[in-house]
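Asker: Could you look at this predicted model? Sequence included:
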Amino acid sequence: MKNRFLFLPVLLLSLPLASAQAPSGSVSFTFDRTTFPVWDFTGAYQFNQQIAGAEAVAPLSFPVFINQDLSGRLHGAGTTIVTLGTYVVSGNYVLNGAVSGGGNATRATFTVSLVGDGLDAIAGERRSYSVSLTYDLIVDPDPANPPAWIAPDHGAAVRGSVRISGIGSASVVPGDGFAVSLPPGVDGAWGVAMNIFPLNRLVGTATIVIAGTASPAAPAYQQPGTLTLDADLEGAYKPALGFSQVRLTGMRGSSPAALQLTFVNGQTPPTQVVGKLLGQTVSLSY
């Protein structure tokens with residue numbers, strides 16, 4: 001009799017598990033630009049624009065490396081080679097900004113400061129220079145086009161000015177069709193792999209993999225061409241309503257990031273994914 005009473009709670013506990021049809025075991029799925037992208041913009045970029053003086057326009061171009069942290073902040077610093085008209089000079093750059101929006105409406109806004117120390121010759125003399133630029137860019141929303149940053153609708157992609165000692169200053173002209181190609185591998189594709197254990201609550205672990213390019217500062221565990229985030233998993237199933245909800249938190253170094261996934265009758269992919277990832281709002285439903 002005593003053994004039967006001990007068995008009864010175990011039996012009652014097992015009944016919701018059998019009828020809930022909660023997701024369990026290994027569960028994985030992927031998204032891309034045609035569904036709902038998430039962007040890791042880390043990588044090398046080439047910026048090309050023009051400057052307008054009193055009588056003519058001239059090219060201004062330079063490469064930089066941009067790092068995107070897990071909260072969506074953009075930053076970079078280092079030395080680079082700057083083309084100012086017909087002159088090629090060295091310079092130091094500092095870049096700061098952030099990512100906002102989400103999906104194919106993801107926006108990147110940042111500033112770039114370039115400074116030349118006067119060791120290079122410009123117009124026959126060694127001259128210092130400074131460049132100040134502000135970029136406001138969106139991801140090209142057309143998945144048929146190569147991934148790129150373009151100018152927002154009814155907005156300027158870049159504003160700024162150039163000052164050269166002993167010569168004067170000029171303003172930046174973005175021109176029509178301004179675009180900056182994203183680094184190879186940065187295409188918005190991402191996926192989630194989960195191990196779910198259906199106990200009284202859903203618990204387990206998850207790994208989020210986001211397509212990108214390798215950063216020189218990437219940790220040793222980072223696979224080339226991807227950003228990998230480990231997350232904690234917890235959730236609940238609602239058998240009476242026929243759906244389960246899972247929440248992913250604790251992603252390495254990303255305190256504000258979290259994703260909530262809804263599964264109907266344990267089926268994958270989830271019918272809804274909402275939350276925050278790499279500074280971008282994720283809002284996807286089927």
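Answerer: Perfect, I can see it now.

Asker: contacts and neighbour counts: CA atoms only from here.
Answerer: Will do.

Asker: Show me where the stretch 151-286 of the chain has its strands.
Answerer: In the stretch 151-286 of the chain, strands defined by DSSP state E, counting those that start in this stretch lie at 158-164, 168-173, 179-181, 190-198, 202-211, 226-238, 243-249, 258-264, 272-277, 280-285, listed in chain order.

Asker: Could I get these in a markdown table, plus columns for mean pLDDT and mean neighbour count?
Answerer: Putting the strands of the stretch 151-286 of the chain into a markdown table (pLDDT from 0 to 100; neighbours: other C-alpha atoms under 10 Å) gives the following:
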| stretch | mean pLDDT | mean neighbour count |
| --- | --- | --- |
| strand 158-164 | 94 | 18 |
| strand 168-173 | 89 | 18 |
| strand 179-181 | 94 | 19 |
| strand 190-198 | 92 | 19 |
| strand 202-211 | 91 | 21 |
| strand 226-238 | 88 | 20 |
| strand 243-249 | 90 | 22 |
| strand 258-264 | 90 | 20 |
| strand 272-277 | 93 | 19 |
| strand 280-285 | 93 | 18 |
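
Asker: between the ones you listed, which gets nearest to Ser113?
Answerer: The closest of the strands of the stretch 151-286 of the chain to Ser113 is strand 158-164. By C-alpha to C-alpha, the value is 9.8 Å.

Asker: what pairs with the closest one, and is each one parallel or antiparallel?
Answerer: Using DSSP bridges, the neighbouring strands of strand 158-164 in the sheet come out as strand 125-139 (antiparallel), strand 168-173 (antiparallel).

Asker: could you redo those strands as JSON lines and give each row distance to Ala189?
Answerer: Output for these, formatted as JSON lines (distance: least, C-alpha to C-alpha, whole Å):
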{"stretch": "strand 125-139", "distance to Ala189": "14"}
{"stretch": "strand 168-173", "distance to Ala189": "33"}
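
Asker: Which of those comes out lowest on mean pLDDT?
Answerer: Comparing the strands paired with strand 158-164 by mean pLDDT, the weakest confidence falls on strand 168-173, with a mean of 89.

Asker: residues in contact with that one?
Answerer: Gln49, Gln50, Ile51, Ala52, Gly53, Ala54, Val158, Arg159, Gly160, Ser161, Val162, Arg163 (C-alpha atoms under 8 Å, 6 or more residues apart in numbering).

Asker: Generate TSV for the residues you listed, with distance to Gly102 as supplementary columns.
Answerer: Conversion of the contacts of strand 168-173 to TSV gives the following (distance: C-alpha to C-alpha, whole Å):
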residue	distance to Gly102
Gln49	26
Gln50	30
Ile51	32
Ala52	34
Gly53	37
Ala54	40
Val158	21
Arg159	24
Gly160	26
Ser161	30
Val162	32
Arg163	36
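
Asker: Widest-spaced pair of the residues you listed?
Answerer: If you compare every pair in the contacts of strand 168-173 using C-alpha to C-alpha, the most distant one turns out to be Ala54 and Val158, at 19.5 Å.

Asker: Against Arg107, how distant is Ile208?
Answerer: According to C-alpha to C-alpha, to the nearest Å, Ile208 stands 22 Å off from Arg107.

Asker: Helix or strand: which one has Ser61?
Answerer: In this assignment (DSSP states H and E), Ser61 forms part of strand 57-68.

Asker: tell me which strands and helices the very next helix or strand once past that strand is in contact with?
Answerer: Note on strand 57-68: by DSSP H and E, the next helix or strand toward the C-terminus is strand 73-84. With contacts defined as 3 or more C-alpha pairs under 8 Å, 6 or more residues apart in numbering; DSSP states H and E, the secondary structure elements packing on strand 73-84 are strand 57-68, strand 87-100.

Asker: Could I get the buried residue list for stretch 73-92?
Answerer: Applying a neighbour-count criterion of 16 or more other C-alpha atoms under 10 Å, one finds 73-77, 79-84, 88-92 buried in stretch 73-92.

Asker: wait, which of those residues is closest to Ala231?
Answerer: Closest to Ala231, out of all of the buried residues of stretch 73-92 and judged by C-alpha to C-alpha, is Arg73, at 20.1 Å.

Asker: isn't the closest one right up against Arg107?
Answerer: No. Applying C-alpha atoms under 8 Å as the test, Arg73 and Arg107 come out as separate, 11.8 Å apart.
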